[in-house]
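Participant: all I have is the shape, not the residue letters:
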């Protein structure tokens, strides 16, 4: 006899940093269905960015998410530079190198953070403490280069805000050299650990077909054998001028997601080293005065996947439209297939395996309190957007 | 000093309440627990239930969906308790002040005892804030 029970997780659950709400429908130990309710973190950033100067928006978009706080401004400045004719033609070469260094440092810090949290989720707090201990030197590097541990404020349209000093480069190299043996120890300890293998192998499997069907991106897709990476497919910064590999695994379980992230950290370390060696001298800022009217897109491989920004300008110093699509928006939905069929004790780590970031993803629906219906549904929004486009076209004439 | 307030100055158990933050403050709070800063030495611990908490750490702008839930959680915390607003968003709503989804700062919703500014505050700043709070509680009658 089957009897469905709902197990609520959240919204303020000790395992989650952010408020989000999962409803697990279980029969005995087995998860048969899952509902994800979000919207707690919605802050209206897209609307706010239309009220800010084009040079102020990077500070706003880096507060979309604190973990990938260089991916969002990077994607935004790429979108604005797309209007100006592309990143490579606008930005000085030294700034391109600095941008790639910051982006890759952030990948190391984010993957270490996820590994630690994953250890915490399976009740293996030693991994958590280790990973976060070795994350601190990365934050120190950030503090040295950008002056801040988390919100870097490095990106601006046409360049970067701060230079890497010559006397800092040996210190950075030394810090990277110290990081590699730590990563090696970590790789050995995590990948050969029987406890972690028992908890993570064949758990939360996402096959290649499912990964393509559910449009997952980033390490989640690469762990399922889908070979995509924006850094290689549509190079930005100097990712096409240095040597590195895209890490792809085939199994699609949580263990291969862990392996992908650990091996990607090695690639990032090697990329930063090459950048520090090859970095030319010169200016770091193109000093851009006017943004012409137009539309542009920016794509960046954030630690979680492809981060996409769309901007539309009309020749003034403000944006008309700014659209953000963060990677978690695609990845979170794949929990529907990955978590269903597993046991409830594996559900926490499966839900966390895509490295979800809900504050990136938040959407909002306005609901009438009296009859509990949505005030604006999808079709209404499409109609409103068409009307606004018509209005803008009329204004242009 | 009443014994209830005196109990607050010993090992503080903290419930972390994120009400629409960008994860940065939350990460820095977790950072306080990890080997470099390690506040568990002083008995400060993150716990899972508001019923066991001595202090509420509130991070982030209070969004519309979160405000009723925040109040509910505050009611569940045994009194007296301290409410600590961590980060610029919780203190003054930061750059979301003019947004449509952030109607009130946290201190208009909950009685805040300690403000720790910064975007995000460094773990050192948080430890310093807790020390100041404990000193103040010890002096209170």
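Facilitator: Perfect, I can see it now. For clarity, every value in this text was computed on a predicted model and none was experimentally measured.
Participant: give the buried residues for the longest helix along chain B.
Facilitator: In chain B, assigned by DSSP state H, the helix with the most residues is helix B:123-139. Going by neighbour count (16 or more other C-beta atoms under 10 Å in any protein chain shown), the buried part of helix B:123-139 is B:123, B:126, B:127, B:129, B:130, B:133, B:134, B:137. Using the backbone N, CA and C atoms, a C-beta is placed for each residue, glycine as well.
Participant: equivalent analysis for stretch A:207-214, please.
Facilitator: So for stretch A:207-214, counting by 16+ other C-beta under 10 Å, buried means A:207, A:210, A:211, A:214.
Participant: next one: it to chain centre, how far?
Facilitator: Put simply, stretch A:207-214 sits 20 Å off its chain's centre (C-alpha atoms, centre = their mean, to the nearest Å).
Participant: pLDDT weak spots in the chain?
Facilitator: If you meant another chain, say so; for now it's chain A. Applying pLDDT under 70 to chain A flags residues A:1-2, A:396-397.
Participant: nope, chain B
Facilitator: B:1, B:141.
Participant: how about the strands of it, start to end?
Facilitator: Assignment of strands within chain B using DSSP state E yields the ranges B:13-18, B:45-46, B:55-59, B:82-86, B:114-116.
Participant: report all helices and strands that the longest one contacts.
Facilitator: In other words, strand B:13-18. With contacts defined as 3 or more C-beta pairs under 8 Å, 6 or more residues apart in numbering or on different chains; DSSP states H and E, strand B:13-18 has these neighbours: helix B:24-33, strand B:45-46, strand B:55-59, helix B:67-76.
Participant: the first one vs strand B:13-18, what angle?
Facilitator: Direction vectors for helix B:24-33 and strand B:13-18, defined by axes from the mean of the first three to the mean of the last three C-alpha atoms, to 10 degrees, enclose an angle of 160 degrees.
Participant: same for helix B:24-33, what does it pack against?
Facilitator: Judged by 3+ C-beta pairs under 8 Å, 6+ apart, the packing partners of helix B:24-33 are helix A:125-146, strand B:13-18, strand B:45-46, strand B:55-59, helix B:123-139.
Participant: report the angle between the fourth one and helix B:67-76.
Facilitator: What it means is strand B:55-59. If you take the same axes, to 10 degrees, strand B:55-59 sits at 160 degrees to helix B:67-76.
Participant: what about residue A:147, distance to residue A:153?
Facilitator: 8 Å (C-beta to C-beta, to the nearest Å).
Participant: related to what we said a few turns ago, which one among the buried residues of helix B:123-139 gets closest to chain A?
Facilitator: Closest to chain A out of the buried residues of helix B:123-139 is residue B:123 (8.8 Å), distances taken as C-beta to the nearest C-beta.
Participant: about what we covered before: give me the more crowded residue out of residue A:147 and residue A:153.
Facilitator: When neighbours are counted by other C-beta atoms under 10 Å in any protein chain shown, residue A:147 and residue A:153 differ, and residue A:153 comes out ahead with 18 against 12.
Participant: so that one sits right up against residue A:161, yeah?
Facilitator: Yes. Under the criterion of C-beta atoms under 8 Å, residue A:153 makes contact with residue A:161 at 6.2 Å.
Participant: on the three-state scheme, the closest residue to chain B within the stretch 151-300 of chain A is what?
Facilitator: Residue of the stretch 151-300 of chain A nearest chain B, by C-beta to the nearest C-beta: residue A:151 (6.1 Å). Taken by DSSP: H, G, I helix; E, B strand; the rest coil, the conformation at residue A:151 corresponds to coil.
Participant: contact partners for it?
Facilitator: Residue A:151 is in contact with A:59, A:62, A:63, A:66, A:69, B:24, B:119, B:120, counting by C-beta atoms under 8 Å, 6 or more residues apart in numbering or on different chains.
Participant: okay, and which of those residues map to helices?
Facilitator: Mapping these onto helices (DSSP H) picks out A:59, B:24.
Participant: which one of the contacts of residue A:151 sits closest to residue A:200?
Facilitator: Here the nearest of the contacts of residue A:151 to residue A:200, counting by C-beta to C-beta, is residue A:66; it sits at 26.1 Å.
Participant: bridging residues for the spatially most central residue of chain B?
Facilitator: Centroid-nearest residue in chain B: residue B:57, 1.9 Å away (criterion: C-alpha atoms, centre = their mean). Per DSSP bridges, the residues bridged to residue B:57 are residue B:16, residue B:84.
Participant: wait, it sits on residue B:14?
Facilitator: Yes. If you go by C-beta under 8 Å, residue B:57 and residue B:14 touch, sitting 5.4 Å apart.
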